Every structure is written in structure tokens, then in C-alpha cells.
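Novice: Pasted the sequence and its predicted model underneath.
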Amino acid sequence: MNTVTAPLFTPASDWSGRDDGPGPEHARWHSVVDTQAAPREGAVHLIGFASDEGVERNGGRQGAAQGPAALRAALGSLAIHDEQLRIDAGTVTTQHDDLEGAQRELSDRVRDLVAAQGASGMTVVLGGGHETSFASHRGAYEALGPLQVINFDAHFDLRAADRPTSGTPFKQIAELEGEHFDYSVFGISKPNNTKVLFNTAAELGVTTVLDTELAEMTVREAAERALAAVDGDLPIHLSIDLDVLPAAVAPGVSAPAGFGVAYAALRAMVEAVASAGRVALLDVVELNPDFDVDNRTAKAAARLIDDAVAGAR
């Protein structure tokens, strides 16, 4: 019998990190993030989604629920070189197996953050398994209407299932967006996606770039390929599944990659997408601190978040 319990929302707690002294010349994420402010125009809003129920349903190794805390810890000491307001809006936590209730709670909160931030702000969702993406997208969709999706991932996550999992978010988004569905995914591992998934992607008009294709590109070519995918004027939902990286770079994920996309290429592509100036929503998912080594996965993820925020200005 399923246990249905209201999702838990926890207000943001104080951040910590290296302290070199007072003043903006010494600013780091931990010293500038506001945990009390209401959402506002032009801000970078952060919100956590502590969930790995979707990973469990999808047969992955659990631990992604600890991702938001690890991402905040890794971000804390990164230096700040701008004056953009950063607001931490807290964390939504899945209770027991009520993933659907937690996703609705996250959607509601993301909707309000995105609506408040205006065209110059960004909402950053700290996952959690990739089930995070449907909830975050739905919230942004309810605030803005259709969004273009750019996903860096070894997997399509287009599975059909009776209930949401970490493998279904973009199929759910396709159903939500209908004829407006616009999805590009970079880093697909052919051996880790069935023919059914490739067929589904083709039927939905998904732009697919394989990890092997990216391996043959220079860093600049990869960035140009990503930038070419964001033509148009729709706001962008940028999703980064850390399992797109090689296992040596990102061991702390739900499904480590045997091949993966080089970190320098991924960074360049993330910056290129951010430079379009239309990223309204960023989610970073599948960090599993239980399997991380020297926090290398969390640190790699934090740098990508920092680069996306900086690159959008």
C-alpha cells in the first residue's frame, strides 16, 4: 500500500565557505546568497529538490536526495565577480514514495520564482534525480508558456511508464508541451539507449547528438554546435544530468558513464547556451554524494552552475 504524505518544504539555511574578508572584492557564493529575501526581478533563484524516488523506480542506485546539500556546499566557496542577487528559496523533499506530490510542490514554487524573476533572472533547481526536470519544467511552463529544452545527458529519458520515474521526464514534457515540444539532447550514449528510445526521439523530432560525435569535435566546435541548437526566441530550460560526464570525472552519479563527454566540452556548451541570454530555468541532477570521490562530482557540477549564471549576463 502506497504511503501518501505531504511533501516537506524546508526554508534555506545559512551557507558556509572560505572567508577572505569583508567587501565585494572578497565575495563568494556563501557570503552573498540571501536566504530570507522574497523572489524578485533579475535575481538568480535557487531551490533544491531532495528526491531519489524516481531513481529507485527506474532501477538506479539511490542517494540523489542528498544532491542539493552537496551542491550548495560545493558552490559556497566559489568567488563572485558580479553583483547579481542570489536568493536561496529552500528545498522540497519527497516524503516516502509520494513523488507526484513532491513534483507538484516543486512546480508550484518554480512557477512563482520564474514569474518573479523576469527576463533577466534565472531559476536554478538543485536535484535530485532527473525526475526533477518534469516538475521544474512544468512550473516554468505555467509561468511562461512553451520553453525550448536543451539537455546534456547520456540518456534520452523518454521512457513510457505508468508513473513518473527518473527515466520519464522528457516524455512527460512532450505530453505537456504538445506541438510546441522542442528538445535537443547532447551526449547520448548509443549502447545505453534502446532502439525504442531512439525511435521515440525520432517521432518527437528530438535533436540528438551522440557522445561519440562530440568526442570528434574540438571544444570550440562543440560550443558552436550547442549554440546552433538554441536559435529562436523561446525561453530555455537547460538541464544537466551529471552522468553525461566520464565516470572518472563524475563518479558520484546514479548511473556512471563508461565513455561520456569531456568536461571541457561540456563546460563550453553550457556557456554557449547560457550566452543566448534566454535561460530561464537550469536544473542540475543525478548527483549522488554517497558514491562521490573527493567531492569531485559536486565540484564539477558547481563550476557548471557558476559558469551558466555568469555566462547568461
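Specialist: Received the coordinates, thanks. Numbering: from 1, shown residues only.

Novice: When you work out contacts or count neighbours from here on, use the C-alpha atoms and nothing else.
Specialist: Fine.

Novice: Quick one: residues in contact with stretch 212-220.
Specialist: The contact list for stretch 212-220 (CA atoms under 8 Å, 6 or more residues apart in numbering) reads Gly187, Ser189, Ala222, Val261, Ala262, Ala264, Ala265, Ala268.

Novice: The fifth one - how many residues pack around it?
Specialist: For Ala262, the tally of surrounding residues (other CA atoms under 10 Å) stands at 17.

Novice: Distance of it relative to Asp292?
Specialist: Ala262 sits 18 Å away from Asp292, going by CA to CA, to the nearest Å.

Novice: next one: the second one
Specialist: Distance of Ser189 to Asp292, computed by CA to CA: 22 Å.

Novice: These two - which one has more neighbours?
Specialist: Comparing Ser189 with Asp292 by other CA under 10 Å, the one with more neighbours is Ser189, at 22 against 16.

Novice: Model confidence at the more buried one, what's the number?
Specialist: The pLDDT attached to Ser189 in the predicted structure is 98.

Novice: Filter the contacts of stretch 212-220 down to just the ones in helices.
Specialist: Ala222, Ala264, Ala265, Ala268 (DSSP state H).

Novice: What is the burial count for the nearest residue to the second one once chain neighbours are set aside?
Specialist: Nearest-residue entry for Ala264: Val219, 6.7 Å, with adjacent residues in sequence omitted and distances by CA to CA, 6 or more residues apart in numbering. The criterion is other CA under 10 Å. On that basis, Val219 has 19 neighbouring residues.

Novice: Likewise for the one 3 residues further on?
Specialist: A total of 23 residues lie near Ala222 under the criterion other CA under 10 Å.

Novice: if I read this right, it contacts Arg267, doesn't it?
Specialist: No - Ala222 is beyond contact range of Arg267, at 9.9 Å (criterion: CA atoms under 8 Å).

Novice: Including distance to Ser120, could the contacts of stretch 212-220 go into JSON lines?
Specialist: As requested, these are arranged in JSON lines below (distance: CA to CA, whole Å):
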{"residue": "Gly187", "distance to Ser120": "28"}
{"residue": "Ser189", "distance to Ser120": "34"}
{"residue": "Ala222", "distance to Ser120": "26"}
{"residue": "Val261", "distance to Ser120": "30"}
{"residue": "Ala262", "distance to Ser120": "30"}
{"residue": "Ala264", "distance to Ser120": "27"}
{"residue": "Ala265", "distance to Ser120": "26"}
{"residue": "Ala268", "distance to Ser120": "21"}
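
Novice: Val279 versus Arg267, what's the distance?
Specialist: Arg267 is 15 Å from Val279, by CA to CA.

Novice: and the two? which has more neighbours close in?
Specialist: Val279 (27 against 20).

Novice: List the contacts of Gly178.
Specialist: For Gly178, counting by CA under 8 Å, 6+ apart, there are no contacting residues.

Novice: Can you classify it as helix, strand or coil?
Specialist: Classification of Gly178 using DSSP: H, G, I helix; E, B strand; the rest coil returns helix.

Novice: How about Val185?
Specialist: Under three-state DSSP, Val185 comes out as strand.

Novice: Next: Ile305.
Specialist: Secondary structure state of Ile305, per three-state DSSP, is helix.

Novice: swap in His237?
Specialist: Classified using three-state DSSP, His237 is strand.

Novice: What's opposite it in the beta bridge?
Specialist: Beta-bridge pairing for His237 (DSSP bridges): Val149, Leu281.

Novice: That one contacts Val149, correct?
Specialist: Yes - His237 is in contact with Val149 according to CA under 8 Å; the separation is 4.8 Å.

Novice: pull the CA atoms of stretch 82-97 into PDB?
Specialist: Provided in PDB are the C-alpha atoms of stretch 82-97 (Å, rounded to 0.1, in the frame of the first residue of the first chain):
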ATOM      1  CA  ASP A  82      29.200  40.300 -10.400                       C
ATOM      2  CA  GLU A  83      26.600  42.000  -8.300                       C
ATOM      3  CA  GLN A  84      23.500  39.900  -9.300                       C
ATOM      4  CA  LEU A  85      21.300  39.000  -6.400                       C
ATOM      5  CA  ARG A  86      21.300  35.300  -5.500                       C
ATOM      6  CA  ILE A  87      18.400  34.000  -3.400                       C
ATOM      7  CA  ASP A  88      18.100  30.500  -1.900                       C
ATOM      8  CA  ALA A  89      14.400  29.600  -1.800                       C
ATOM      9  CA  GLY A  90      14.800  26.400   0.200                       C
ATOM     10  CA  THR A  91      14.300  22.700  -0.600                       C
ATOM     11  CA  VAL A  92      11.300  20.500  -1.400                       C
ATOM     12  CA  THR A  93      11.800  16.900  -0.200                       C
ATOM     13  CA  THR A  94       9.900  13.800  -1.400                       C
ATOM     14  CA  GLN A  95       8.300  12.100   1.500                       C
ATOM     15  CA  HIS A  96       8.100   8.300   1.400                       C
ATOM     16  CA  ASP A  97       7.100   7.300  -2.100                       C
END
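
Novice: Thanks a lot, catch you later.
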